[in-house]
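Trainee: No letters, just coordinates:
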């Protein structure tokens, strides 16, 4: 299919662009299959605006016929474009018809549903080729790195054709005692086929974090011997483990009515269930919408800002996520128990808290490579449905289906950690900002599709470029390192008091012109630090002097 | 009455607890006692309390989890007995202490033989020395410092720095003996053409004789910040042509077309003041415009901070933190003060002279002028410049520290008390957050200033005005806080400071960008993460120290190896010019050969 079908007007002259942080500019607007381009007439160089259409969350058009005396040329229209990166800008377009055409193209092209039509399949930077290996890690690699647990764990390729669990990768790590046939039975007993798999091995005490979907016990309390065996095998010699259920116990009870359920005390006697109610799905999406609304409140009097911020509940979602992750880390690190995490599907909050817990406990996850690898393992390979969750962001109120900013919530939580432990994380906060953008609209294929199987079908790994690889290239990498990084082996326990949590202004208020001086000062500080930081890092000679 | 009750230690172990207290020179032990501290965070803690003429010190007897308190008596606003000899319940008999610095302390004693009588009486006496005919500790201490902080502010020097006197503005000694205005400093800057007789006539029309005088002048455009008290308009709407003429003279000094008079108060309060003889400038002031800045009075601010204390101490309101915070209105007041100061600074930097007043011109006015000066003049953003700013706009111009803080005074409910200066420091903190490279000093300095605002260890914040300070020989008999600060200045320096002399700082005074100063207001709560002295700042200081060490080593290397290493010898020597600016370039020269 041709994109040109959707483009009736490709170029318009004399368009006025009004965007935050810049004075209004007059120039030429151009719509292509994937981009919106705007360039100033004077400056022939780079366009002043090069926007992925995918980045557009919502548009509003207002056409006004200025001419009371029916002179078509005098009419014009304004398109307000609201982006997924929260930017809002306006295009004043001369000519009503052109304006409507452009608006139509933008609306259609910005939400094309078909994966293989998306820009990452067309993005071909000159300096990289597609032959490079895609991604940073694989379950095989993880398994190979952790020799010390080979006696009790194994790599299973029961899911090699994605038939056992469509949202899992082809290989997963499971207890050695269970054969593939048993795993298939367990998969039937867990929602989405998501049988418990290992996601983290705590070297200090050989305890593990497992994750899964909810058990399908249903109203008549079905049991699954293999599932019980699997969990028993996870415990090994220890006689106690914890199950952190990201639903309230009431919700878990109710889930039985629809075929879901929870691990009952009688069937899983060594496991203790802890319920922590975490919002997800629609509630989270609405929270984001409210927050962004509050952040954009232009009303003269902002007296109610704090109440609005509170009412959006965004910060309390962060609090819950961090404290549940803290609980998980406490079970593993402090109390020395293995933990299974799940909610219902096990593709959202489950991943959120297992990721955060790993950052809290594992120094390796706090390096740039380690963090990206963690995201790859816990979000991409583990099957967080990015395409569904990130189809729209805070501006699009219409037709919301599966949208939910769980990944954004994760990034915000990591940002809180970054704020509380500015020396303990090896990456800079600009990495988080970059990831927040890329998850919603990207040149890279990394966040395309909902799971590994779909990525395989669409040949994402051979036909698009990998974001994480690109971020680690020498040219980019420097920008994403924390120059003050001081590795620590200790766990970093976040403070979750509301007073310790802060709005992620770098993301939510980034387009406010008044705060540009703050951003500049931060940049300046960063430069000062990295100047000296890099000097010592890049010059081993200096260290020899001491 | 013997102050020193010899303590006979029954348990030697307990005595040792207090052995490591290092007392200040001149500080004397008054009493120590076994006591239970009802810690709001850890529960009841057994230990020993020591009271000196300066502090209350407590240390728990269990060494594994030491609970320690070190409270300057000056920070205490109220001491009360809690429970009676017959009250029931554990730890129900003891002392309840309210502090000025956002915390309360509770101690329990054994319910036998009037066990708390002596400690209560002694604490009461030494916490409120002025109510008991005793001197404040600042007059007792024998501390010595390498630097004399009283020399930091010399009014004439500061005027000269601003380029005064000049052909438009003169310095007058009309108030040399404080008989012109007893709450003003002894030197004042006024328009050149206004004679002292004119000033006397204007003084009759300004509350407490606080006439409009110059606080700051813009070097380039000669616009000025003038401060004063309200005009005595009264119910009958009195006029005073001398006052009108005087303000017009101020306007003419740099040909400002319209003099802006910033009245810090809300409009209604200004009107209400007419009933007590005050008021505001009306239409009769030609070529002037009046702007109300809507900042509330000292009583509102006091209640607001009290509300804030209620939600942060001892337990932090958790479930509705943000809306509770909002309902204290503290940040909103901070916002109004800051945005008022921004308006002042904006007028002045665009060449228009301004007059700032409130009612008496020593609370809101001081906040506005000093913040505006901080925005306009980078000198005040240096460690020493900031001290000058406080000495000048607050101390010399008669902010009533003694009344607002209530140093050594038992009258805890005094309606004159108000955290106006705390609010100012909060505003400064907000600015340092928004301009992290623009201030030479760091948060530690602000915290130190607020500690000693109450401690009464230094003379700096004592008394209401300069005349009272002179009367009590403050400068010769007490030590200045700046002596302490400038003797160990390195801990108060911001490593990210990069001076930009001409820059005017306009902070964002919007609720979205103001933060609660958690490390001050909630600093007693161990559950709130306190970034130990800003780790980023610390780490950067380490890096800089490493760099300096490196430069030194390099220099040594060059001295010894200069002939063997040609690539080193033709690059500039590190000590040839000022270190920071050029050293970065030297490295690019230098590290390539290795």
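Mentor: Cool, the structure landed. Quick caveat: nothing in here was measured; it's all calculated off a predicted structure.
Trainee: In contact with residue A:30: list those residues for me.
Mentor: Contact analysis of residue A:30 by Cβ atoms under 8 Å, 6 or more residues apart in numbering or on different chains lists A:10-12, A:36-39. For glycine as for every other residue, the C-beta is placed from the backbone atoms N, C-alpha and C.
Trainee: try residue A:128
Mentor: By Cβ under 8 Å, 6+ apart, the neighbours of residue A:128 are A:465, A:470.
Trainee: and it, which of the three is it?
Mentor: At residue A:128 the chain is in coil, as set by DSSP: H, G, I helix; E, B strand; the rest coil.
Trainee: hang on, the earlier thing: counting neighbours, which of the contacts of residue A:30 comes out on top?
Mentor: In terms of neighbours by other Cβ atoms under 10 Å in any protein chain shown, the contacts of residue A:30 top out with residue A:36 at 25 neighbours.
Trainee: Give me the secondary structure label for that residue.
Mentor: Residue A:36 falls in the strand class when you classify it by three-state DSSP.
Trainee: Can you tell me how far it is from residue A:78?
Mentor: Distance, residue A:36 to residue A:78, by Cβ to Cβ, to the nearest Å: 15 Å.
Trainee: And residue A:314, by the same measure?
Mentor: Residue A:314 sits 30 Å away from residue A:78, going by Cβ to Cβ.
Trainee: what's the nearest residue to the spatially most central residue of chain A if we skip its chain neighbours?
Mentor: The residue lying closest to the centre of chain A (Cα atoms, centre = their mean) is residue A:407, at 3.0 Å. Nearest non-adjacent residue to residue A:407, counting by Cβ to Cβ, 6 or more residues apart in numbering or on different chains: residue A:439, 5.3 Å away.
Trainee: before we move on, which element is the one you found in?
Mentor: Residue A:439 is located in helix A:429-440, with elements delineated by DSSP states H and E.
Trainee: need the next SSE after that helix, C-terminal direction.
Mentor: Reading on from helix A:429-440 to the C-terminus, the next helix or strand found by DSSP H and E is helix A:452-457.
Trainee: List the buried residues in that next one.
Mentor: Neighbour counts over helix A:452-457 (16 or more other Cβ atoms under 10 Å in any protein chain shown) mark A:452-456 as buried.
Trainee: for it, the distance to its chain's centre please.
Mentor: Relative to its parent chain, helix A:452-457 has a centroid offset of 18 Å by Cα atoms, centre = their mean, to the nearest Å.
Trainee: swap in stretch B:94-101?
Mentor: For stretch B:94-101 - counting by Cα atoms, centre = their mean - the centre lies 22 Å from the chain centre.
Trainee: Any buried residues in that stretch, and which?
Mentor: In stretch B:94-101, residues buried by neighbour count (16+ other Cβ under 10 Å) are B:94-95, B:97, B:99-101.
Trainee: swap in stretch A:183-202?
Mentor: Within stretch A:183-202, the residues scored as buried using 16+ other Cβ under 10 Å are A:183-187, A:189-202.
Trainee: next one: stretch A:264-279
Mentor: Of the residues in stretch A:264-279, A:267-268, A:271-279 count as buried by neighbour count, 16+ other Cβ under 10 Å.
Trainee: Out of the residues you listed, which comes closest to chain B?
Mentor: Distance to chain B, by Cβ to the nearest Cβ, is smallest for residue A:277 among the buried residues of stretch A:264-279, at 14.8 Å.
Trainee: Hmm, the closest one is touching residue A:245, no?
Mentor: No: when contacts are counted by Cβ atoms under 8 Å, residue A:277 is not listed as touching residue A:245 (9.2 Å).
Trainee: For residue B:204, which non-adjacent residue is closest in space?
Mentor: Excluding the flanking residues, the one nearest residue B:204 by Cβ to Cβ, 6+ apart is residue B:240, at 7.3 Å.
Trainee: That neighbour against residue B:203, yeah?
Mentor: No: using Cβ under 8 Å, residue B:240 is not in contact with residue B:203; the gap is 10.2 Å.
Trainee: Which one's more surrounded, these two?
Mentor: Taking neighbours as other Cβ under 10 Å, residue B:240 and residue B:203 compare with residue B:203 leading, 21 against 17.
Trainee: The more buried one contacts residue B:182, correct?
Mentor: No: the criterion here is Cβ under 8 Å, and residue B:203 misses it with residue B:182 at 11.4 Å.
Trainee: so how many other residues sit close to residue A:250?
Mentor: Neighbours of residue A:250 under the rule other Cβ under 10 Å: 10.
Trainee: What of the one 3 residues further on?
Mentor: As a burial measure, the neighbour count of residue A:253 was computed by other Cβ under 10 Å and equals 14.
Trainee: and it, what element?
Mentor: If you go by DSSP H and E, residue A:253 is part of helix A:249-255.
Trainee: From the contact counts, what lies against that helix?
Mentor: strand A:271-275 (3 or more Cβ pairs under 8 Å, 6 or more residues apart in numbering or on different chains; DSSP states H and E).
Trainee: tell me the mean pLDDT for stretch A:235-243?
Mentor: Throughout stretch A:235-243, pLDDT has a mean value of 89.
Trainee: Which parts of chain B are strands?
Mentor: Applying DSSP state E to chain B gives strands spanning B:29-39, B:43-52, B:55-60, B:68-72, B:76-82, B:94-99, B:104-108, B:169-172, B:188-191, B:213-217, B:224-228, B:259-263, B:288-292, B:354-357.
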